[in-house]
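S.K.: pasted the sequence and its predicted model underneath.
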Amino acid sequence: MAASDVVADTEYYNYASSELSEYLAGGGATGTPAYRSKSNALVDASTALSNSTSFYNAFSTSLSTLISGAASTLASTTSEATSTRNSSVAAARSTLNHDLSVAISTLNDDLEAIGDLIPYKLNMEASNVVGQDAAGNDVYTADKGTALTITAAAPGEKFQLAGFTFNVTDADGQIKKSVNAVLDNFTESIRALNASQDNSITFQVDAKANQAIKIGLTDMRSGALGLKGEEGNTLSLATQSSANMAINVLDNALKKALDQQTDLGSIASRLEQTSSNLHIARDNVLSSESTIRDADMAKEMTEYTKNNILLQASQSMLAQANQSSSGVLSLLQ
């Protein structure tokens, strides 16, 4: 039964109620046939209304069941989607952590290998080398000067500065003042480790004495490149001639910088080749060491004894052969 039928039955019920009132007013069942017909119509209207109410109740029950099922399905789908998303996020996070851990471990291994092969550090941002401490580490100036000036803070022939111990000696290694003298209020300049004009640094890259690489570090400051004068004057673009001159200066500075870059690239390639060769040499040494450690001493001693017996037997046979020749010669005499 459709909803429109329910509305029609309701209207018919209202009409039947009106007719019932007239029916009762006209005498009820004892009245005229017209009123009896209205009574039958009233019964039919009541039955229709009851059917409409039953349909409405069934429709409400079906609608409630449908809404409940849809809500349950939606909740289940949402739960599955959330679980799938959480699983995907956890898997991606685990993969990322694993890849990051492997990358960090590989980088640490490479850095440790380089540190084992090259027992020194080069700080390209530091200034000129001006000395070495007791451990052989290079000491740099803070202002890129050519000398490091030290002023005594306490009396004595030995003192410490920033974790280093300094001994004041002359060129022959002798203390300049006696042990009992008070070395206060003095100023001492340490000679540069490498006073060459090209500010070169020499690296020992192999076991032999002459297997070294020399790196020349050109002065790349603005004054050396011509970008700044001795009195602090900079390039001027006020006139056309000064602008042309500035372009020439910039071209020369750029050429000098590119030349320095080329030299450093070549030296880097040589260092990489040296590092590769050292890796190969290290692998060969480790292989030889493993062979020596894994040697079967019993077998080796057996081979040594056998070869020693054969050597002694051959020497004895040679001696007997020489004696036979001597006997024949003595008979001929």
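M.R.: Happy to help now that I have it.

S.K.: strands of this structure, start to end?
M.R.: Counting by DSSP state E, the segments of the chain that form strands are 129-132, 138-140, 148-151, 158-161, 164-167, 187-190, 200-204, 212-216.

S.K.: and the last one with strand 200-204, angle?
M.R.: Comparing the axes of strand 212-216 and strand 200-204 via axes from the mean of the first three to the mean of the last three CA atoms, to 10 degrees yields an angle of 160 degrees.

S.K.: report the buried residues of strand 212-216.
M.R.: Using 16 or more other CB atoms under 10 Å as the burial criterion, the residues of strand 212-216 that qualify are Ile215. Backbone N, C-alpha and C define where each C-beta goes, glycine included.

S.K.: what pairs with it, parallel or antiparallel?
M.R.: Using DSSP bridges, the strands paired with strand 212-216 are strand 200-204 (antiparallel).

S.K.: buried ones in the partner strand?
M.R.: Of the residues in strand 200-204, Ile201, Phe203 count as buried by neighbour count, 16+ other CB under 10 Å.

S.K.: all helices for the stretch 201-333 of the chain, in order.
M.R.: All helices of the stretch 201-333 of the chain, identified by DSSP state H, counting those that start in this stretch, fall at 240-293, 297-332.

S.K.: next, the angle strand 200-204 makes with the longest one.
M.R.: For the pair helix 240-293 and strand 200-204, the angle between their directions (the same axes, to 10 degrees) equals 10 degrees.

S.K.: check which helices and strands helix 240-293 sits against.
M.R.: Taking 3 or more CB pairs under 8 Å, 6 or more residues apart in numbering; DSSP states H and E as contact, the helices and strands that helix 240-293 lies on are helix 33-117, strand 212-216.

S.K.: mean pLDDT lowest where, among the ones you listed?
M.R.: Taking each of these in turn, the lowest mean pLDDT turns up on helix 33-117, with a mean of 67.

S.K.: what does the domain assignment say about this structure?
M.R.: Domain assignment for the chain, taken from automatic domain parsing, gives 3-96, 124-195, 197-294, 296-333.

S.K.: could you give me the average pLDDT of the last one?
M.R.: Mean pLDDT, computed over domain 296-333, is 82.

S.K.: what's the answer for the second one, then?
M.R.: Averaged across domain 124-195, the pLDDT comes to 49.

S.K.: about what we covered before: so which of the helices of the stretch 201-333 of the chain is the most surrounded?
M.R.: Most buried of the helices of the stretch 201-333 of the chain by mean neighbour count (mean count of other CB atoms under 10 Å) is helix 240-293; its value is a mean of 12.

S.K.: quick one: mean pLDDT over it.
M.R.: Helix 240-293 comes out at a mean pLDDT of 86.

S.K.: okay, the helices of the stretch 201-333 of the chain in JSON lines with distance to Asp219 next?
M.R.: Output for the helices of the stretch 201-333 of the chain, formatted as JSON lines (distance: least, CB to CB, whole Å):
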{"stretch": "helix 240-293", "distance to Asp219": "10"}
{"stretch": "helix 297-332", "distance to Asp219": "61"}
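
S.K.: looking at these, which is nearest to Ala212?
M.R.: Among the helices of the stretch 201-333 of the chain, helix 240-293 comes nearest to Ala212, with 10.3 Å by CB to CB.

S.K.: for Leu237, give me phi and psi.
M.R.: Main-chain torsions, Leu237, degrees, to the nearest 10: phi -120, psi 20.

S.K.: residues contacting it?
M.R.: By CB atoms under 8 Å, 6 or more residues apart in numbering, the residues touching Leu237 are Ala243, Ala246.

S.K.: ok, it to Leu250 distance?
M.R.: Leu237 sits 11 Å away from Leu250 when distances are taken as CB to CB, to the nearest Å.

S.K.: again with Asn57
M.R.: Per CB to CB, Asn57 is found 95 Å from Leu250.

S.K.: same question, Val102
M.R.: As judged by CB to CB, Val102 and Leu250 stand 46 Å apart.

S.K.: Asn308 too?
M.R.: As for Asn308, its distance to Leu250 is 80 Å (criterion: CB to CB).

S.K.: same deal with Ser266?
M.R.: When distances are taken as CB to CB, Ser266 and Leu250 turn out to be 25 Å apart.

S.K.: now swap in Ser275 and tell me
M.R.: Using CB to CB, Ser275 is found at 36 Å from Leu250.

S.K.: for Thr84, same thing?
M.R.: Thr84 sits 61 Å away from Leu250, going by CB to CB.

S.K.: swap in Thr202?
M.R.: Per CB to CB, Thr202 is found 33 Å from Leu250.

S.K.: repeat for Gly226
M.R.: With distances defined as CB to CB, the gap from Gly226 to Leu250 amounts to 9 Å.

S.K.: again with Ala243
M.R.: Look at Ala243 and Leu250: by CB to CB, they are 11 Å apart.
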